[in-house]
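Engineer: Quick one: sequence plus predicted model below, questions after.
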Amino acid sequence: MAATIKCDLAVVGGGLAGGLITLALKKKRPDLDVRLIEGSHTIGGNHLWSFFASDVASDDRWIIAPLISYGWKSYDIQFPAHARVLNASYYSIESERLDQVVRDIMPEKALLFGRKVLDASPTAVVLADGDHIEAKGVIDARGSGDLGKLDLGWQKFVGREFALTEPHDLVRPIVMDATVEQIDGYRFVYTLPFSATRLFVEDTYYSDTPHLYRPEPGSGTNADPIADRVNAYADAHGWKVESIIREESGALPVALGGDFEEYWRSGGANVAKAGMRAGLFHPTTGYSLPDAVRTAALIARSNDLSGAGLHELLHGFAATTWKRRGFYRMLDKMLYRAGPQDERYRILERFYRLNPALIGRFYAGQTTLFDQARILTGKPPVTIANAIKALRSKPA
C-alpha cells in the first residue's frame with residue numbers, strides 16, 4: 001500500500017552534492033527531519049574526488065574534513081618543455097568514505113535507498129513504487145539537466161587503482177603528465193600514490209566528444225585501447241601490477257557557452273537544484289566538489305528552507321556563479337577551437353608556468369581581474385586570428 005512520508009526537507013539524489021547537503025544540515029540543524037532519496041543502494045557511486053586546499057574556504061572545511069581519505073603537501077606537473085613541483089596541499093575523497101560518513105550520521109529511516117523518483121516539485125517527490133513524500137522543501141541533485149542547452153567540450157577519463165607487487169617510487173601526485181602521446185584532444189595521465197604499493201592511474205582527454213570508445217558489454221571484443229594505455233603507462237614506469245582494485249570512468253562537461261536559464265529550467269523550472277543539475281561545475285575542469293561544498297554551506301546557513309525559499313537561494317547562487325565565470329568559458333573556446341587537437345597541450349603548458357597562487361585561484365574558480373590579465377598577456381600559444389575565430393564560433 002502506498003505511503004505518504006512527511007519531512008522538513010527532501011534531498012533527491014545521493015551523489016556528491018546531495019550527500020554534502022545532507023551532512024551539512026545534519027551537523028548544523030540536527031532538529032530537521034531530512035530525507036535523502038537515492039536510486040541505488042550507495043551514496044556517491046564509484047568515484048574518487050580530488051581537490052586543492054585552496055578550493056574550499058576555511059569557514060567551510062568542517063563539511064569536507066571528515067571525508068578526506070588521502071592528502072599530500074605538493075604535486076608534480078610534466079609537459080614536453082616544462083616540468084614543475086607545486087607546493088600546494090592536495091586531497092582525495094573516496095565515495096566509500098562519503099557513503100560511510102552519511103550512514104553513520106543519519107538515522108536509517110532518513111536514507112531511502114533503491115527508490116526511483118518519477119517527479120519532483122518544490123514541496124513533493126513522487127516515487128515509482130507509489131509512495132509520496134511531502135516536504136516543506138525539496139532539492140533536486142540527481143545529476144545533469146539537458147546538456148543540449150549548453151555549448152560543451154568534454155573531459156573524459158578511465159582510471160584504475162592498482163595493487164603493486166613492489167613499492168613504487170612516487171612521493172607525491174602527478175596531477176598532469178602531458179608528456180604522453182596526444183590522442184583525441186589534449187591528453188594527460190593523472191597519478192595518485194595512495195600507499196607504497198597502491199596507485200591510482202587515470203588516462204584523461206580534453207576531447208570534443210564524451211565517447212570513451214570502449215567495448216560495449218556483449219560486443220564480443222576485448223579491445224579496450226584506453227584501459228590498455230593505463231596499463232602501458234604503469235608498465236613504462238616499472239610499476240609491477242598485482243591486481244586491479246577498482247576502475248572508474250566518466251565524462252565531465254567543459255563549458256564553452258550556452259543559455260544558463262534554459263539549462264536551469266530543463267531540470268525543473270521552479271524546483272531548487274544542486275550540483276550538476278544546477279550548472280554548478282567548474283567550466284574548465286568540469287569538477288563540481290568546490291561548488292558542492294559552497295552549496296551545502298549556503299543551505300546550512302539559510303533560515304528559509306521552504307520550496308520557494310530554496311529555489312530563490314539556489315537559483316540566485318547558480319546564476320551568479322555562471323555569470324562570473326564567463327572568463328573561463330572564453331578560455332575554453334580558445335582551448336577547443338583555436339588550434340589543432342594535438343596542440344592543445346601548449347595552452348596548459350604555458351598556463352603552468354604562471355604563479356602558483358594564480359593557478360590555485362583558477363582551480364578554485366576565484367580568478368581575479370589581475371589574474372585574467374596575467375593569463376592573457378605574453379606570447380599566446382595560438383594565433384590571434386584563430387583566437388578571434390574561436391571566440392566567435394557557435395556550437396556545431
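Structural biologist: Structure received.
Engineer: For the protein, which segments count as helices?
Structural biologist: Taking DSSP state H as the criterion, the chain contains helices spanning 16-28, 61-64, 95-105, 225-236, 260-266, 289-301, 307-324, 326-337, 345-351, 356-364, 369-376, 384-391.
Engineer: Keeping just the C-alphas, turn the first one into PDB.
Structural biologist: Included here for helix 16-28 are C-alpha records, laid out as PDB according to Å, rounded to 0.1, in the frame of the first residue of the first chain:
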ATOM      1  CA  LEU A  16      28.400  14.200  -4.000                       C
ATOM      2  CA  ALA A  17      26.100  17.300  -3.900                       C
ATOM      3  CA  GLY A  18      23.200  15.600  -2.200                       C
ATOM      4  CA  GLY A  19      25.500  13.800   0.300                       C
ATOM      5  CA  LEU A  20      27.200  17.000   1.300                       C
ATOM      6  CA  ILE A  21      24.000  18.900   1.700                       C
ATOM      7  CA  THR A  22      22.600  16.100   3.900                       C
ATOM      8  CA  LEU A  23      25.800  16.100   6.100                       C
ATOM      9  CA  ALA A  24      25.900  19.800   6.500                       C
ATOM     10  CA  LEU A  25      22.300  20.100   7.500                       C
ATOM     11  CA  LYS A  26      22.600  17.200  10.000                       C
ATOM     12  CA  LYS A  27      25.500  18.900  11.600                       C
ATOM     13  CA  LYS A  28      24.200  22.400  11.700                       C
END
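Engineer: burial count for the closest residue to F260 other than its chain neighbours?
Structural biologist: Leaving out its chain neighbours, the residue that sits closest to F260 by CB to CB, 6 or more residues apart in numbering is W322, at 4.5 Å. C-beta coordinates here come from the backbone N, C-alpha and C atoms, glycine included. For W322, the number of neighbouring residues by other CB atoms under 10 Å comes to 20.
Engineer: okay, the helices of the chain in CSV with distance to G45 next?
Structural biologist: Shown next, in CSV, are the helices of the chain (distance: least, CB to CB, whole Å):
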stretch, distance to G45
helix 16-28, 9
helix 61-64, 18
helix 95-105, 6
helix 225-236, 19
helix 260-266, 22
helix 289-301, 14
helix 307-324, 22
helix 326-337, 26
helix 345-351, 28
helix 356-364, 23
helix 369-376, 34
helix 384-391, 34
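Engineer: Tell me which of the ones you listed lies nearest to N46.
Structural biologist: helix 95-105 (6.0 Å; CB to CB).
Engineer: Make JSON lines out of the helices of the chain and add mean pLDDT and distance to H132.
Structural biologist: Formatted as JSON lines, those follow (pLDDT from 0 to 100; distance: least, CB to CB, whole Å):
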{"stretch": "helix 16-28", "mean pLDDT": "97", "distance to H132": "19"}
{"stretch": "helix 61-64", "mean pLDDT": "97", "distance to H132": "31"}
{"stretch": "helix 95-105", "mean pLDDT": "97", "distance to H132": "24"}
{"stretch": "helix 225-236", "mean pLDDT": "95", "distance to H132": "43"}
{"stretch": "helix 260-266", "mean pLDDT": "97", "distance to H132": "24"}
{"stretch": "helix 289-301", "mean pLDDT": "97", "distance to H132": "23"}
{"stretch": "helix 307-324", "mean pLDDT": "98", "distance to H132": "15"}
{"stretch": "helix 326-337", "mean pLDDT": "93", "distance to H132": "40"}
{"stretch": "helix 345-351", "mean pLDDT": "92", "distance to H132": "49"}
{"stretch": "helix 356-364", "mean pLDDT": "96", "distance to H132": "40"}
{"stretch": "helix 369-376", "mean pLDDT": "93", "distance to H132": "49"}
{"stretch": "helix 384-391", "mean pLDDT": "54", "distance to H132": "49"}
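Engineer: List the strands paired with the lengthiest strand in the chain, with their directions.
Structural biologist: The longest strand of the chain (DSSP state E) is strand 241-258. Next to strand 241-258 in the sheet, as set by DSSP bridges, lie strand 150-164 (antiparallel).
Engineer: List the buried residues in the partner strand.
Structural biologist: Of the residues in strand 150-164, 150-162, 164 count as buried by neighbour count, 16 or more other CB atoms under 10 Å.
Engineer: again, but for stretch 225-238
Structural biologist: Buried-residue list, stretch 225-238, by 16+ other CB under 10 Å: 226-227, 229-231, 233-234, 237.
Engineer: do the same with stretch 123-130
Structural biologist: Neighbour-count burial for stretch 123-130 [16+ other CB under 10 Å]: 123, 125, 127.
Engineer: So the second one sits against I139, correct?
Structural biologist: Looking back up the chat, that one is V125. No - with contacts counted by CB atoms under 8 Å, V125 stays clear of I139, the gap being 10.3 Å.
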